[in-house]
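Q: Make a model of this:
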Amino acid sequence: MKKLSILAILLIATFTLSACGKKDVIRIGATPVPHAEILEYVRPILLEQGFEYEIVVFTDYVLPNVALQSGDIIANFFQHIPYLNLQISEHNYDFVSVGGVHVEPIGLYSKKHASLNDFSNEVQLIISNSPSDRPRLLGLLVEAGLITLNNGVTNADIVASSINALPTLFTSEKVITFTEVDAAQLYSNYNNTSGDAVLINGNYALDNGLNPLEDALAIEGSGSLFVNVLVTTSANSEDPFILALIAALQSETVQNWIKENYGGAVVPAA
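A: Residues are numbered from 1 along each chain as shown. Just a heads-up that it's a prediction; the model follows:
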């Protein structure tokens, strides 16, 4: 009986010590390129401050916010402010942007045409099915000289428009039509030569081996307002880990690394 009691005490002590030594894992969600890569680069900086974290990689634009809402992750790093605001409006998320990190210029890609001058009178463009992306998509077409927005057209008008009504918001020498697909399918449409050209988000272009500076027929200017931000819940906006992470992401060291590592295909924004 005495031996059993001693054994029980030892088991309880071992369990207690094990439980006390166990730390909750900090998990942050990100899309693969460049977000997860940037988080990997930042990891040693945070480790020196006593923070260890796990990067949960997502390949779409919906699940990272679902995971943040459910508490599976403490923050995510993949989206820009217009998309975040749309998600908050649609799902009543209590999310906040902690700060901006970089811009991934959106580009116009084609396997059918070597330049914009090769486009015929009728042009079919494949675009993301996210309405929040439309202002930057049309903005790129304006920069490329393909369209001119009608006077008084706002970003809100562009977001609210149906896909078939988009051409009524601008004038063009060409007849331009749009086909929407999920953002994750943009590259496969480009690879399968769907449409005349595909407007591909920067992270998906990089993730599939495209270099926006070399492969795009046209690329978004560096003045883009679509800065990618670190996002968390309002309750965690002052969490020590979150504050340390955004400070590291916006530091001169990391911003310079982004510029040098991606050769201009990802633009520092802090």
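Q: what about residue 165, neighbour count?
A: 10 (other CB atoms under 10 Å). Where you see a C-beta, it was placed from the backbone N, CA and C, and this is true even at glycine.
Q: where does the residue nearest in space to the middle of the chain land in three-state SS?
A: Among the residues of the chain, the one closest to the centroid is residue 78, at 2.9 Å (CA atoms, centre = their mean). The three-state assignment at residue 78 reads strand, by DSSP: H, G, I helix; E, B strand; the rest coil.
Q: Give me the nearest residue to it, chain neighbours excluded.
A: In this structure, residue 78 finds its nearest non-sequential neighbour in residue 31, 4.3 Å apart by CB to CB, 6 or more residues apart in numbering.
Q: Tally up the residues packed near the one you found, please.
A: Other residues lying near residue 31 total 25 when counted by other CB under 10 Å.
Q: Could you check how far it is from residue 126?
A: Residue 31 sits 20 Å away from residue 126, going by CB to CB, to the nearest Å.
Q: cool, and residue 160?
A: Distance check for residue 160 against residue 126: by CB to CB, it reads 21 Å.
Q: if you count what's nearby, which of these two comes out ahead?
A: In terms of neighbours (other CB under 10 Å), residue 126 is the more surrounded of residue 160 and residue 126; the figures are 22 against 11.
Q: What residues of stretch 61-70 count as buried?
A: 61, 64-69 (16 or more other CB atoms under 10 Å).
Q: How about stretch 173-188?
A: Neighbour-count burial for stretch 173-188 [16+ other CB under 10 Å]: 176, 178, 180-181, 183-187.
Q: Same question for stretch 67-84.
A: 67-69, 73-84.
Q: any weak-confidence spans in the stretch 101-250 of the chain?
A: Applying pLDDT under 70 to the stretch 101-250 of the chain flags residues 222-223.
Q: Would you map the strands across this structure?
A: For the chain, the strands defined by DSSP state E cover 26-30, 53-57, 75-80, 95-103, 107-109, 122-128, 148-149, 170-171, 175-181, 197-200, 218-219, 228-233, 267-268.
Q: now these as TSV including distance to residue 134?
A: Formatted as TSV, the strands of the chain follow (distance: least, CB to CB, whole Å):
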stretch	distance to residue 134
strand 26-30	24
strand 53-57	27
strand 75-80	13
strand 95-103	17
strand 107-109	14
strand 122-128	7
strand 148-149	12
strand 170-171	12
strand 175-181	9
strand 197-200	10
strand 218-219	16
strand 228-233	18
strand 267-268	21
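Q: Residue 136 reaches residue 227, doesn't it?
A: No - if you go by CB atoms under 8 Å, residue 136 and residue 227 don't touch, sitting 11.3 Å apart.
Q: Settle it for me: which of the two has more neighbours?
A: residue 136 (22 against 18).
Q: contacting residues around that one?
A: Residue 136 is in contact with 82, 106, 220, 224-226, counting by CB atoms under 8 Å, 6 or more residues apart in numbering.
Q: Quick check: the farthest pair among those?
A: Distances among the contacts of residue 136 were taken as CB to CB; the most separated pair is 82 and 220, at 13.6 Å.
Q: Report the buried residues of stretch 89-105.
A: For stretch 89-105, by 16+ other CB under 10 Å, it's 93, 95-105.
Q: that older thread, with the contacts of residue 136 in mind, which one is nearest to residue 169?
A: residue 82 (16.8 Å).
Q: Just to check, that closest one is in contact with residue 132?
A: Yes - at 4.3 Å, residue 82 counts as touching residue 132 under the criterion of CB under 8 Å.
Q: Quick check: neighbours shared by these two?
A: Common neighbours of residue 82 and residue 132 (CB under 8 Å, 6+ apart) are residue 159.
Q: where exactly do the helices run in the stretch 151-270 of the chain?
A: 155-160, 186-191, 202-207, 212-215, 240-249, 252-262 (DSSP state H, counting those that start in this stretch).
Q: Render the CA-only coordinates of the second one in CSV, please.
A: Meaning helix 186-191. What follows is helix 186-191, C-alpha atoms only, in CSV (Å, rounded to 0.1, in the frame of the first residue of the first chain):
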residue,chain,number,x,y,z
LEU,A,186,-6.0,32.4,-61.9
TYR,A,187,-2.6,30.8,-62.6
SER,A,188,-4.2,27.6,-64.0
ASN,A,189,-6.3,29.7,-66.3
TYR,A,190,-3.1,31.5,-67.5
ASN,A,191,-1.3,28.2,-67.9
